[in-house]
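Q: model the structure of this input:
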Amino acid sequence: MASAPEHFRHFAAIDWSGAVGPVQKGIAVAICAREGGAPELITRGGWSRQKVLDWLLGEMPDDTLVGLDLGLSLPFTDRGAFFPGWDESPADAHALWVLVDRLSAGDLHFSASTFVDHPEASRYFRRHGGREGDRFGGGRGRLRVSEIGQQEQGLNPYSNLNLIGAAQVGKSSLTGMRVMHALDGRIPVWPFDSVPRQGSLIVEIYTSLAALAAGRRKGRTKMTSYETLNEALAVIGSPPVPGSGAIDDHSSDALLTSAWLRAVARRPELWAPPKLSPEIARTEGWTFGIV
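A: Numbers count the residues shown, from 1 in each chain. Below you'll find the model as predicted:
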């Protein structure tokens, strides 16, 4: 089994948003130190995807393991392609990010509206207004292997090809792919890239997985008060955050998940899931914490 990296000195979690506009209210960023202490929110007077990119490249501490709450790729394994039947279907996740960014180049704020409305790409998505592409696949939509693993661990994943409903993550995922392309390899992204011996690393997270690990029940993973957040933090061995009363669930998700990353990052089995083949590692990727 692969060993777990030991060099990370900080652990950050970013609750993401696929919303349009210059500022995304759903983005929250939290960080904690390896040496201990409560996780802390990082505020920038309202986050945008550009501000997150700037923080990752210019302000994030060295040797940080940072989790992004979005899907970093699309289903591939089930059909042997991201977009079966389309001659522009990319061969791997890095090429997928290039395609999404190229077809959305005119969209401001790293949105991806033009991509999902593209005459060919739109055939694979379920969009607003009852518009289901003829290659969407029906039902809940296609799932990645790691998302099937999420189901097995008590979570309720949605297909990244589904762009409607309150629980969908497709829009977040596509906007995140544009940001990953903009990183241009300056921070490696696991498992598409190798785990570095030093420096920072990005992983995909599912904040509800951290909540379940912290004692929250399925269907009740959101925490909207400091009291419930601090109860969850105590379960995973983290000091409480200061405050009382209401807190928005984006902030609580980021705070809890940063502390959860600190608690589990040295578990070697999380870096070598049995079903994470080299093919899946370069195409679909993986959600950190799914085994």
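
Q: now Ala263, nearest residue through space, not along the chain?
A: Spatial nearest neighbour of Ala263, chain neighbours left out: Ile236 (4.8 Å); criterion: CB to CB, 6 or more residues apart in numbering. Where you see a C-beta, it was placed from the backbone N, CA and C, and this is true even at glycine.

Q: so what's the one you found up against?
A: Contact analysis of Ile236 by CB atoms under 8 Å, 6 or more residues apart in numbering lists 210, 213-214, 256, 259-260, 263.

Q: please redo it, this time with the cut-off set to 10 Å
A: By CB atoms under 10 Å, 6 or more residues apart in numbering, the contact set of Ile236 is 210, 213-215, 256, 259-260, 262-264.

Q: do the same with Gly137
A: Gly137 makes contacts with 75, 78-79, 84, 124, 126, 143, 159, 161-162, as judged by CB under 10 Å, 6+ apart.

Q: could you redo the last one with a cut-off of 7 Å?
A: By CB atoms under 7 Å, 6 or more residues apart in numbering, the contact set of Gly137 is empty.

Q: ok but it is inside a helix, no?
A: No - per DSSP: H, G, I helix; E, B strand; the rest coil, Gly137 lies outside any helix segment and is coil.

Q: wait, Ile280 sits on Asp78?
A: No - using CB atoms under 7 Å, Ile280 is not in contact with Asp78, being 11.2 Å away.

Q: can you list contacts of stretch 41-60?
A: By CB under 7 Å, 6+ apart, the residues outside stretch 41-60 that reach it are 12, 14, 22-24, 27-31, 66, 109-110, 175, 179, 182-183, 186-187, 200, 251, 254-255.

Q: can you list the buried residues in it?
A: Of all the residues in stretch 41-60, those buried under the rule 16 or more other CB atoms under 10 Å are 41-42, 47-49, 51-53, 55-56, 60.

Q: can you check stretch 256-264 too?
A: 256-264.

Q: tell me the one of the residues you listed nearest Phe136?
A: Nearest to Phe136 out of those is Thr257 (CB to CB; 30.0 Å).

Q: now Glu284, what's its secondary structure?
A: Under three-state DSSP, Glu284 comes out as coil.
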